[in-house]
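Colleague: What shape does this take:
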Amino acid sequence: MQLGRINIGIWVTFLSAMIFVGCEQKQEYRGFLTTNQRLIEAGGTLTDAMVHDIFSPPVASRIYAYPSIAAFEIAVLADSSTHRSLMGQLNGFEPKKFEVSENAYLPLAALIAYYQVASKLVFSEHLISTEKDRLLEEVRKLGASQSIIQESVTLGESMANHVLDYASKDNYHQSRSFEKYTVRDDDYSWKPTPPAYIEGIEPNWNKIRPFVLDSADQFIPRKATAFGHTPDSQFFKEAKEVMEAGNSLTPEQREIAYFWDCNPYKMNVKGHVMYAEKKITPGGHWIGIAGIAAKNAKLDWKDTAEVLALTSIYVFDGFISCWDEKYRSVLIRPETYINRYMDEDWVPLLQTPPFPEYTSGHSVISTAASRALTGLLGEPFAFIDTTEVNYGLGTRAFQSFNQAADEAAISRFYGGIHYIPAIEEGVKQGERIAEYLSQKISTRQVANSRLTD
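Modeller: Predicted coordinates:
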């Protein structure tokens with residue numbers, strides 16, 4: 001009898017251990033999703049889809065923003081004591097109450113919301129949907145029950161639908177049928193540039209609803225330098241400065257220009273054949289930096305969602321403000337001017353993008369994005385920018401986001417596609433936008449609190 005009792009005790013202990021191990025195995029998906037790895041990878045998947053589809057820089061900023069907002073709103077549901085919803089803060093983003101089932105796993109719901117919104121904004125929807133399906137299969141293998149998966153998917157899709165409804169009212173779809181830009185027959189206005197002579201991209205982007213700005217023309221920069229074509233004119237001198245810099249670039253300056261090129265419309269010509277080269281957009285580069293920063297700071301999924309959402313909002317409004325000025329001033333590009341008045345054979349290091357010159361989009365949105373990231377993560381914040389590795393370029397090291405933004409801005413001068421005033425005034429424009437946004441919206445319940453505090 002004593003032996004039997006011992007055997008029964010052993011079996012009870014063994015079965016208890018097995019149950020414990022089984023419970024532990026069923027919880028594996030939780031640790032897997034609470035890190036920021038999957039959310040950063042989702043951003044990478046979206047970037048890959050956009051590079052494949054070749055979206056313009058302004059349109060790409062829209063595609064990054066809405067999925068990031070959807071994921072962040074799930075983060076708010078997970079921790080409303082720390083994070084503050086953007087509903088009621090962003091223009092036209094109406095508050096909505098969401099019922100959260102006790103079985104819903106919010107890190108999974110956030111990813112579902114991100115993928116669901118992203119898939120509806122790109123052409124290559126299957127690239128996004130495939131990754132979402134892989135995620136669900138992986139979570140299932142790691143022990144998530146069908147109930148947990150279903151409730152998480154339901155919540156994520158519900159949030160996605162709310163955000164997609166919000167997106168549908170930003171005038172984007174209506175703008176697809178607006179009148180295209182008509183090239184002006186004068187000396188100072190922008191003209192399409194070689195090799196593809198692409199028409200002006202997104203001339204009506206100032207009609208898209210901003211997230212925070214009161215209007216597209218809220219921060220109009222100083223007027224561009226008055227046009228002149230004689231050697232004694234200031235405009236001629238600024239163009240000559242671009243030409244001379246392009247003719248004497250150092251290896252470092254050339255590397256900087258190529259690193260920040262981010263031109264999704266770059267065309268290669270071989271004989272009679274012309275083909276596009278796949279590149280990310282300027283906004284995509286800064287979303288990449290945001291992901292790198294979140295990883296370096298070891299942020300959890302909630303704070304990472306916050307970083308991605310806020311950065312994308314600053315970039316989006318930056319593009320609206322910048323494009324409003326581009327098609328107000330419709331200023332001639334250095335390449336066109338130099339070929340006409342100085343050297344007909346001169347070619348810039350970088351291929352000139354297909355839209356007017358003033359102000360520099362890189363300068364505006366890089367400044368805005370860097371201020372958003374600095375506000376969240378502080379300064380100094382050392383990081384190695386590996387964003388361009390997948391596109392055949394190297395890495396660059398920075399001690400702060402602002403240092404990276406300054407380099408992105410001046411890179412356009414090295415590349416031969418912007419005069420200095422477009423860069424300097426673009427930086428000022430970005431600063432004004434960022435300052436305004438920082439005063440108008442907050443992703444934290446305690447104002448000005450930093451993720452690194």
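
Colleague: Would you mind listing the residues in contact with Asn402?
Modeller: Counting by Cβ atoms under 8 Å, 6 or more residues apart in numbering, Asn402 makes contact with Ser370, Arg371, Thr374, Glu379. Quick note: C-beta positions are derived from backbone N, CA and C, even for glycine.

Colleague: Of those residues - the most surrounded one?
Modeller: Of all the contacts of Asn402, the highest neighbour tally under other Cβ atoms under 10 Å goes to Ser370, namely 28 neighbours.

Colleague: quick one, phi psi at it?
Modeller: Torsion angles at Ser370 (phi, psi; degrees, to the nearest 10) stand at phi -70, psi -40.

Colleague: Confirm for me that it is in contact with Glu407.
Modeller: No. Contact status for Ser370 versus Glu407: not in contact, 10.3 Å apart, counting by Cβ atoms under 8 Å.

Colleague: coming back round to it: going by distance to Gln439, which of the contacts of Asn402 wins?
Modeller: The shortest approach to Gln439 among the contacts of Asn402 belongs to Arg371, at 11.9 Å (Cβ to Cβ).

Colleague: Quick one: name whatever helix or strand follows the longest helix along the chain.
Modeller: With secondary structure taken from DSSP state H, the chain has its longest helix at helix 301-329. Note on helix 301-329: by DSSP states H and E, the next helix or strand toward the C-terminus is helix 334-341.

Colleague: How far off centre is that next one?
Modeller: Centre-to-centre, helix 334-341 and its host chain are 32 Å apart (Cα atoms, centre = their mean, to the nearest Å).

Colleague: Show me what it packs onto, helices and strands only.
Modeller: Helices and strands touching helix 334-341, by 3 or more Cβ pairs under 8 Å, 6 or more residues apart in numbering; DSSP states H and E, are helix 234-247.

Colleague: can you map out the strands along this structure?
Modeller: Here the chain has its strands, by DSSP state E, at 267-270, 273-276, 383-385, 396-398.

Colleague: what's the distance between Glu277 and Gly392?
Modeller: Taking Cβ to Cβ, to the nearest Å as the measure, Glu277 falls 9 Å from Gly392.

Colleague: Compare those two (neighbour count), which wins?
Modeller: Taking neighbours as other Cβ under 10 Å, Glu277 and Gly392 compare with Glu277 leading, 14 against 10.

Colleague: on that earlier part again, pick out the shakiest of the strands of the chain, pLDDT-wise.
Modeller: When the strands of the chain are compared by mean pLDDT, strand 273-276 comes last with a mean of 63.

Colleague: about what we covered before: could you list which of the contacts of Asn402 belong to helices?
Modeller: Ser370, Arg371, Thr374.

Colleague: Tabulate these (CSV), appending distance to Ala60 and pLDDT.
Modeller: Written out in CSV, the entries for the ones in helices among the contacts of Asn402 read as follows (distance: Cβ to Cβ, whole Å; pLDDT from 0 to 100):
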residue, distance to Ala60, pLDDT
Ser370, 18, 98
Arg371, 20, 98
Thr374, 23, 97
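
Colleague: out of those, who's nearest Ser81?
Modeller: Nearest to Ser81 among the ones in helices among the contacts of Asn402, with distances taken as Cβ to Cβ, is Thr374, at 24.7 Å.

Colleague: For that closest one, which non-adjacent residue is spatially closest?
Modeller: The shortest distance from Thr374 to any non-neighbouring residue, by Cβ to Cβ, 6 or more residues apart in numbering, is to Phe401 (5.1 Å).

Colleague: do the same with Thr230
Modeller: Spatial nearest neighbour of Thr230, chain neighbours left out: Phe236 (6.2 Å); criterion: Cβ to Cβ, 6+ apart.

Colleague: what about the one you found, how many residues close to it?
Modeller: The burial count assigned to Phe236 is 19, neighbours taken as other Cβ under 10 Å.

Colleague: give the contact list for it.
Modeller: Remark: with contacts taken as Cβ under 8 Å, 6+ apart, Phe236 is in contact with Gly228, His229, Thr230, Tyr341.

Colleague: Among those residues, pick out the one closest to Arg140, please.
Modeller: Checking the contacts of Phe236 one by one against Arg140 (Cβ to Cβ), the nearest turns out to be Tyr341, at 65.5 Å.

Colleague: thinking again about what came up before, for Leu350, see how far away the residue nearest to Thr230 is.
Modeller: If you go by Cβ to Cβ, the gap between Phe236 and Leu350 works out to 22 Å.

Colleague: so Glu407 touches Ile256, yeah?
Modeller: Yes. Between Glu407 and Ile256 there is a contact at 5.9 Å, judged by Cβ under 8 Å.

Colleague: what is in contact with these two at once?
Modeller: By the contact definition Cβ under 8 Å, 6+ apart, Glu407 and Ile256 are jointly contacted by Arg396.

Colleague: for the chain, which spans come out with low pLDDT?
Modeller: 1-27, 267-276, 447-450, 452-453 (pLDDT under 70).

Colleague: 80 instead?
Modeller: Across the chain, residues meeting the criterion (pLDDT under 80) sit at 1-32, 264-278, 447-453.

Colleague: domains for it, by residue range?
Modeller: 2-91+99-172, 183-440 (automatic domain parsing).

Colleague: Centre of the chain to the shortest one, how far?
Modeller: Okay, so that is domain 2-91+99-172. Its chain's C-alpha centre lies 20 Å from the corresponding centre of domain 2-91+99-172 when counted by Cα atoms, centre = their mean.

Colleague: got it, and the last one?
Modeller: Its chain's C-alpha centre lies 13 Å from the corresponding centre of domain 183-440 when counted by Cα atoms, centre = their mean.

Colleague: Next, count neighbours for Thr230.
Modeller: Using other Cβ under 10 Å as the criterion, Thr230 is surrounded by 8 other residues.

Colleague: hmm, I was thinking of Asp300
Modeller: By other Cβ under 10 Å, the residues close to Asp300 number 17.

Colleague: ok, now the one 10 residues further on?
Modeller: Residue crowding around Leu310 was assessed by other Cβ under 10 Å; the count is 26.

Colleague: From Asp261, how far off is the spatially closest residue to it that is not a sequence neighbour?
Modeller: Distance criterion Cβ to Cβ, 6+ apart; nearest residue to Leu310, sequence neighbours excluded, is Ala372 at 5.1 Å. With the distance defined as Cβ to Cβ, Ala372 ends up 22 Å from Asp261.

Colleague: Now distance to Leu451 too, for the domains of the chain, in TSV please.
Modeller: As requested, the domains of the chain are exported to TSV (distance: least, Cβ to Cβ, whole Å):
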stretch	distance to Leu451
domain 2-91+99-172	10
domain 183-440	5
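
Colleague: now for those domains, which one comes closest to Val446?
Modeller: Going through these one by one, with Cβ to Cβ as the measure, domain 2-91+99-172 comes closest at 8.0 Å.
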